[in-house]
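Enquirer: Can you look at this prediction? I've put the sequence above it.
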Amino acid sequence: MQVFSEYVLKVSASLIRGLVIHLRLRDMEVLIQPTPERASELAARVVARLLKEKPNAVLGLATGRTPVQLYKELIRFHKNDGLDFSQVTTFNLDEYIGLQPDHPQSYRYFMEENFFKHINIKPENTHLPNGVAPNLREECRRYERSIREAGGIDLQVLGLGSNGHIGFNEPTGSLNSRTWIKILSQQTVKDNSDLFDNIEDVPNHCITMGVGSIMDASRCLVLAFGHRKAKAVANLIEGPITAMCPASALQMHKRTIVIVDENAAARLDYSDHYRWIDQHKLPWQRYD
Ligand code: GLP
């Protein structure tokens, strides 16, 4: 009898778990905005809404040119409307190997300059992989562990490489990877060289959260602007799920929002459909 009731309990628990997961699943939400500025403002509203609902949220953050305006908007919300970061924890996606944290091209430096020093976040709550750790492999394991210990990422902000990479997860890499040491593709070295004096100065190695680590986030928010990203955006949203476009793994993610400007949306076959869906949302489904 006891065995039977234990069995019934187990089955009901797994049914309830299945139902909860099902209820949390959403379609990928594609929001096309007229300009990068409008897109960034909308993205900032998504983040701000989360922080109001959950002041101690864990944010996954990204670097690169794309999220700079998002950070500016969040700084504006902080200064003008008191958006509070005092209980927020952050984990960045990636860091170059070999650059000291105070190197102007390190991602730690980027985050301090473009975001952290302008808001009331506690420095000890901001995390990036340490690209100069004596034991890099242990550093990768430690980083994965700290994300788990913080309770996992509530919202992961992502830029998009022109080749479809997220973090530094380059085409053909595993769609199940965890935080690890990666070699940048030649395309990424070239794309990122504008931010360095010489292409030779771009490090070839990095530590990045894996696609699997990114997929664990409760929500993902992808931003992509400009014609240069149009092909990757089309592959991410409408292409097959393939390691040739690591971002396409997000088609399997439980709750991803993609915010793009008109130029980045230029190669989408279903852009009219995304606009239609957006126009017919119920008030509570909107961020603006
Ligand atoms: C870099 C970063 C990514 C970023 C991407 C796009 O390599 N590792 O996290 O999303 O490239 O960069 P940008 O926004 O400058 O186009």
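Expert: Happy to help now that I have it. Not measured: the values here are computed from a predicted model.
Enquirer: CA only for contacts and neighbour counts going forward, please
Expert: Fine.
Enquirer: what's the neighbour count on residue 144?
Expert: 18 (other CA atoms under 10 Å).
Enquirer: Residue 91 versus that one, what's the distance?
Expert: Distance of residue 144 to residue 91, given as CA to CA, to the nearest Å: 10 Å.
Enquirer: try residue 102
Expert: 18 Å.
Enquirer: buried sites along the one helix or strand residue 44 maps to?
Expert: Remark: residue 44 resides in helix 36-53, with elements defined by DSSP states H and E. Residues of helix 36-53 classed as buried by neighbour count (16 or more other CA atoms under 10 Å): 36, 38-48, 50-51.
Enquirer: what's it packed up against?
Expert: In terms of contacts (3 or more CA pairs under 8 Å, 6 or more residues apart in numbering; DSSP states H and E), helix 36-53 is packed against helix 68-81, strand 256-261.
Enquirer: redo that, cut-off 6 Å
Expert: Packed against helix 36-53 by the contact rule (3 or more CA pairs under 6 Å, 6 or more residues apart in numbering; DSSP states H and E) you find helix 68-81.
Enquirer: Flag every buried residue along the helix it packs on.
Expert: So, applying 16+ other CA under 10 Å, buried residues of helix 68-81: 68-78.
Enquirer: now the residues you listed in TSV, with pLDDT and distance to the ligand?
Expert: Compiled in TSV, these are given as follows (pLDDT from 0 to 100; distance: CA to the nearest ligand atom, whole Å):
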residue	pLDDT	distance to the ligand
68	98	8
69	98	11
70	98	11
71	98	13
72	98	15
73	98	16
74	98	17
75	98	19
76	98	20
77	98	22
78	98	23
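Enquirer: So what's the residue count around the closest residue to the ligand within the chain?
Expert: Per CA to the nearest ligand atom, residue 159 is where the chain lies closest to the ligand, at 3.2 Å. Neighbour count for residue 159, taken as other CA under 10 Å: 24.
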